[in-house]
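In: Sequence and predicted structure, then a few things I'm wondering about:
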Amino acid sequence: MGEGQALEALGVTPDSIWGDEDETIVYAQVLGQGKAMIFRFQRSHDSLPQSLPSRIVCCYHDLEVPDGAFTFQNRSSMRSALWSAIAMIWPHCIMDPAIVDPGVVVDIIPGETQEIVWRAYQEPLFKQYLALLRDIEPSDLVAQGHSPRILDISEIVLLEALGGRGCSKRVQFEDAGKVSTFVFKGIDFQTYLQLHDDDDELTRTMVDVWRRSSKLIANMPRHPNIQSPPLNLVSVRDSNQNTVLVGHLSTYFAGGDLRNAIEAANARESHISLQQKAKWCHQMCLAITHTHRVAHTFHMDIKPGNFIIGDQGNLILIDWEQSGAPATTLAPEADGTWDVEEQNIKENGPTRLAYTKYTGPERRKMPEGSGQETFNVWNVFPEWQVSCPKAIELAEVFALGRTMWMLLSQIANDFDEVEHPDDVQVTWTGNNNLPSQWVQIVENCMKVDPNDRPLLENLTEFWKGEAYSLR
């Protein structure tokens, strides 16, 4: 029996479980009837240590207890008990009209009996959540001169949570009798509760990232292989009925992303055609070349999961957070421990990048909680974009190389535990049908010395020729 089977039998989807910083609370979110509902389990310190909420909190946070009856045998049994408790009260909760109001959380109350007792309450942290978003204006999220449509969150039907960093959910809303599907991106209350701590540094950072990335894509020159800016914004209302912007709606493509395509092909034990691979490699290069040469910026999160497949089978680059690079594709010189400068080899001749290991005092520009690796502490991308844009281009060429290797070798599902770029072992075993020049160009992209990597124009031109020859 699955951990959430009792909920699934009701047509409700278990979504996520998370704990608070003080290790006294566990939250859980479920998706049902088009809405997301948050439940809270709080530990009783003075009484009822054997109550369900206390046992869940002790198990989730791995707290020391004097008796095994005060916790669960393992995480799996804890999750099963949590989801089963929610399933027992779900039919009653959903009948409460206040349950879907913004900021409402269902509290599971400790009791002396086996009966699950609950109450819906307005979470006090909701005011802090709104305060972080209150200053965001439509002009922060859309192109200058554009007047977006602003939808209330109550108009949105939630279908499913999508993977990836931050808040991303597949949703629908009805307009003039027509139902349209979109991707909600932004900062919902669940995201806030997951990131909340005493100083809310991480949450403020995520709000700033959402605002900055939205503005970036809104004002970027258009390109067919880069996601278009949103036309619809999403808001909630505070207790005074004032509108607060919390997200936007982006185009949804049913084809999924490149990682999904690779995994699906592997599940079928089939090879993606060489023609398709060449086309997609070319389109990835086109998107990144436009990013650097026309938009004069960088992406920073190049990986198969950030190239979605459009309705015509073309790749579209998404997710412009620019807040953290994935360990799977990060260039080794961009790990936060190097500085760089561009040097002239000869007067009016080609230049070469010179890298020096940083040996000064500890430096940080990323928020606490971002991670322990050096690239989680010091992000070189914004600094190098100003001082040495060629270094950023060659770092993204490396990321493109890793991404193209994943596509060409059809490897995309073994990297969840990767914590550092050096943990990825690049091999071509079992892919002898690949043209040798493809393997060579991708290997060149991943050269340790950035000066030995091809420039974006050369890379794009190569894949243009390969794609054309296979038409």
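Out: Nice, thanks for sending it over. Numbering: from 1, shown residues only.
In: And the contacts of the worst-scoring helix or strand of the chain on mean pLDDT?
Out: One helix or strand of the chain scores below all others by mean pLDDT, DSSP states H and E: helix 374-377, with a mean of 80. With C-beta atoms under 8 Å, 6 or more residues apart in numbering as the test, helix 374-377 has contacts from 324-325, 327, 330, 334-337, 363-366, 370-371. For every residue, glycine as well, the C-beta is placed using N, CA and C.
In: Closest one of those to Pro221?
Out: Ala325 (23.7 Å; C-beta to C-beta).
In: how close does the closest one get to Ala264?
Out: As judged by C-beta to C-beta, to the nearest Å, Ala325 and Ala264 stand 26 Å apart.
In: any idea which element Leu407 lies in?
Out: helix 389-408 (DSSP states H and E).
In: Setting aside sequence-adjacent positions, which residue approaches Val106 most closely?
Out: Ranked by C-beta to C-beta, 6 or more residues apart in numbering and with sequence neighbours excluded, the top spatial neighbour of Val106 is Phe39, at 4.7 Å.
In: who does that neighbour bridge with?
Out: Beta-bridge pairing for Phe39 (DSSP bridges): Ala28, Val106.
In: Next, please give the residue ranges for the helices of the stretch 201-350 of the chain.
Out: Along the stretch 201-350 of the chain, counting by DSSP state H, counting those that start in this stretch, helices occupy 201-219, 258-267, 274-293.
In: Looking at Ala325 and Ala264, which is more packed in?
Out: Taking other C-beta atoms under 10 Å, Ala325 and Ala264 do not tie; Ala325 has more neighbours (27 against 12).
In: nearest spatial neighbour of that one, skipping sequence neighbours?
Out: Using C-beta to C-beta, 6+ apart, the closest residue to Ala325 is Met300 (5.2 Å).
In: ok, back up a step: what's the following helix or strand after the least confident helix or strand of the chain?
Out: Defined by DSSP H and E, the subsequent element after helix 374-377 is helix 381-387.
In: what's next to that following helix, contact-wise?
Out: In contact with helix 381-387 (C-beta under 8 Å, 6+ apart) are residues 297-298, 300, 322, 325, 334, 340-341, 391-392, 395.
In: okay, the helices of the stretch 201-350 of the chain, which one's buried deepest?
Out: Comparing the helices of the stretch 201-350 of the chain on average neighbours per residue, with mean count of other C-beta atoms under 10 Å, the densest one is helix 274-293 at a mean of 21.
In: And the residue with the largest distance to the centre of the chain, its phi and psi?
Out: Ranked by distance from the centre of the chain (C-alpha atoms, centre = their mean), the top residue is Glu347, with 44.7 Å. When read as degrees, to the nearest 10, the backbone of Glu347 gives phi -60, psi 130.
In: My guess is Asp197 contacts Glu21. True?
Out: Yes. Using C-beta atoms under 8 Å, Asp197 makes contact with Glu21 at a distance of 4.6 Å.
In: Tell me the pLDDT of Tyr358.
Out: Confidence at Tyr358, expressed as pLDDT, is 90.
In: Surely it and Thr337 touch.
Out: Yes. Using C-beta under 8 Å, Tyr358 is in contact with Thr337, at 5.8 Å.
In: Could you pull up the contacting residues of the nearest residue to Thr351 once chain neighbours are set aside?
Out: Among residues not flanking Thr351 along the chain, Glu342 sits closest, at 4.9 Å (C-beta to C-beta, 6+ apart). Neighbour list for Glu342: 351-354, 388, 390-391 [criterion: C-beta under 8 Å, 6+ apart].
In: Can you give me the distance of Glu342 to His296?
Out: In terms of C-beta to C-beta, Glu342 sits 16 Å off from His296.
In: and if you look at Trp405?
Out: On the measure of C-beta to C-beta, Trp405 and His296 end up 27 Å apart.
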